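A.B. asks: Next input, structure requested:
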Amino acid sequence: MSLIKEFKAFAMRGNVVDMAVGIIIGGAFGKIVTSLVNDVIMPPIGILLGNTDFSELGIVLKKETLDAAGAVVPAVMLRYGMFINTVINFVIVALAIFMVVKLMNSLKKKEEAAPAAPPAPSAEVTVLTEIRDLLKSR
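C.D. replies: Numbering: from 1, shown residues only. Now for the predicted structure:
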């Protein structure tokens with residue numbers, strides 16, 4: 001089989017396509033969650049904590065300086081506020097995924113709980129049943 005045919009067979013399998021769709025939707029979902037955290041959740045929390053913007057929280061390890069050419073060398077900071085934002089982001093994403101998986105599991109349990117109809121008897125069983133009934137009637 002040629003390399004192109006093998007690649008086409010690989011790329012068109014259901015799992016690969018499903019994974020690609022999941023990755024794309026996951027990326028978009030990540031952007032939505034980031035906006036939710038940064039633009040909706042963090043401002044009220046910051047107000048409750050005295051107008052604190054978590055993204056600006058940090059410890060300056062080395063102050064901003066000028067180098068020999070007169071260019072500004074930015075300060076070196078330990079930005080723990082950004083870490084707090086990232087942790088809140090993660091918690092929200094984990095909670096959302098947990099809820100989706102829980103919903104999917106409950107739907108799957110409902111499908112499993114519904115009993116399936118018994119299978120129709122095979123042709124042999126049907127013929128044997130008819131023979132039995134004929135013999136009983138004699």
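
A.B. asks: all strands of this protein, in order?
C.D. replies: Here the chain has its strands, by DSSP state E, at 59-62, 65-66, 72-73, 76-78.

A.B. asks: and of those, who's closest to residue 112?
C.D. replies: strand 76-78 (51.2 Å; C-beta to C-beta). Bear in mind the C-beta positions are built from the backbone N, C-alpha and C, glycine included.

A.B. asks: Let me have the strands of the chain in JSON lines, extended by mean pLDDT.
C.D. replies: As requested, the strands of the chain are exported to JSON lines (pLDDT from 0 to 100):
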{"stretch": "strand 59-62", "mean pLDDT": "91"}
{"stretch": "strand 65-66", "mean pLDDT": "88"}
{"stretch": "strand 72-73", "mean pLDDT": "90"}
{"stretch": "strand 76-78", "mean pLDDT": "91"}
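
A.B. asks: Deepest-packed of these, please.
C.D. replies: Comparing the strands of the chain by mean neighbour count (mean count of other C-beta atoms under 10 Å), strand 76-78 comes out on top with a mean of 14.

A.B. asks: ok, back up a step: which one of the strands of the chain lies closest to residue 2?
C.D. replies: Of all the strands of the chain, strand 76-78 comes closest under C-beta to C-beta, at 54.4 Å.

A.B. asks: I'd like the distance from the residue nearest the centre of the chain to residue 22, if you could.
C.D. replies: Nearest residue to the geometric centre of the chain (C-alpha atoms, centre = their mean): residue 97, 5.2 Å. Residue 97 sits 11 Å away from residue 22, taking C-beta to C-beta, to the nearest Å as the criterion.

A.B. asks: before we move on, what about residue 49?
C.D. replies: Residue 49 is 36 Å from residue 22, by C-beta to C-beta.

A.B. asks: On the pLDDT front, check residue 135 for me.
C.D. replies: Per-residue pLDDT puts residue 135 at 88.

A.B. asks: Equivalent analysis for residue 39, please.
C.D. replies: The model's pLDDT for residue 39 equals 84.
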